[in-house]
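S.K.: what's the 3D shape of this:
(2 chains)
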Amino acid sequence: KAGVTQTPRYLIKTRGQQVTLSCSPISGHRSVSWYQQTPGQGLQFLFEYFSETQRNKGNFPGRFSGRQFSNSRSEMNVSTLELGDSALYLCASSDTSGSGNEQFFGPGTRLTVL
Amino acid sequence: AQSVTQLGSHVSVSEGALVLLRCNYSSSVPPYLFWYVQYPNQGLQLLLKYTSAATLVKGINGFEAEFKKSETSFHLTKPSAHMSDAAEYFCAVSPQGFQKLVFGTGTRLLVSP
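M.R.: Purely as a prediction, here's the structure:
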């Protein structure tokens, strides 16, 4: 089985722009979660989607949004980019939604905001 | 809220030495606990997870962790370090009823020849 794929792997944007990141989960997985990783704040949960519905949301401003399609692929959008949004964005998929499920991570998208 | 604390941002060992990475959790109910490893420029890979079936959990690459309720700990160990173990290790907890993972701050393992 192919693993979780994320595109693009690297992205450079300027302040004020918006960006869309894509995640394709492992075949058959219906839950997709997004995490932000920065040197200062570490790994933080953004949100989770399951069967096209947002199930959980972390403590991030409304500029961060996401969606999931019927084939379970997910996109994350960040509008009005700020310098502090520079981070590695990780996507993880799981076959179901709930505590204790193993989440399989993709390689991440490294976003640099100039 | 459930959380984990990792003691030591960096741990250095010699090749062949014991690896011990510390993780303490905060939870009022039995937690789901995980250890993940991250190699440079890669995502996270699951090493092992605790889901209350057994207190000693064996994972991949020779790693294991022991759940100790009395000490609220879930330390990761490996009897003999290899150079390839050099990476960053994250302890995480999955709050009851939620899919999300709450991560510790990570411990970078350095292995010297």
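S.K.: Write out the residues of chain A neighbouring chain B.
M.R.: Chain A comes close to chain B at residues A:4, A:31, A:33, A:35, A:42-45, A:48, A:50, A:55-56, A:58, A:90, A:92, A:94, A:97-108, as judged by C-beta under 8 Å from any C-beta of the partner chain. In short, each C-beta sits where N, CA and C put it, glycine included.
S.K.: Name only those of the residues you listed that count as buried.
M.R.: When those are checked for burial by 16 or more other C-beta atoms under 10 Å in any protein chain shown, the buried set is A:4, A:31, A:33, A:35, A:43-45, A:48, A:50, A:55-56, A:58, A:90, A:92, A:94, A:97, A:99-101, A:103-108.
S.K.: Just the ones in helices from the residues you listed, please.
M.R.: Where these are compared with helices, as defined by DSSP state H, there is no overlap at all.
S.K.: what residue lies at the spatial centre of the chain?
M.R.: Just going to use chain A. Taking C-alpha atoms, centre = their mean, the centroid of chain A lies closest to A:Trp34, which sits 3.2 Å from it.
S.K.: look at chain B instead
M.R.: Taking C-alpha atoms, centre = their mean, the centroid of chain B lies closest to B:Trp35, which sits 3.6 Å from it.
S.K.: Need the nearest residue in space to that residue, chain neighbours excluded.
M.R.: B:Leu47 (4.4 Å; C-beta to C-beta, 6 or more residues apart in numbering or on different chains).
S.K.: Tell me the spacing between that neighbour and chain A.
M.R.: 11 Å (C-beta to the nearest C-beta, to the nearest Å).
S.K.: Do I have it right that A:Ser94 meets B:Ser94?
M.R.: No. With contact defined as C-beta atoms under 8 Å, A:Ser94 and B:Ser94 do not form a contacting pair (10.5 Å).
S.K.: Just the CA trace of the lowest-mean-pLDDT helix or strand in chain A, in CSV.
M.R.: The helix or strand with the lowest mean pLDDT-type score in chain A, counting by mean pLDDT, DSSP states H and E, is strand A:53-57 (a mean of 92). Backbone C-alpha positions of strand A:53-57 (Å, rounded to 0.1, in the frame of the first residue of the first chain) are rendered in CSV as follows:
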residue,chain,number,x,y,z
THR,A,53,-16.8,16.3,8.2
GLN,A,54,-14.5,18.3,10.6
ARG,A,55,-14.5,16.3,13.8
ASN,A,56,-12.0,18.2,15.9
LYS,A,57,-10.2,21.5,15.7
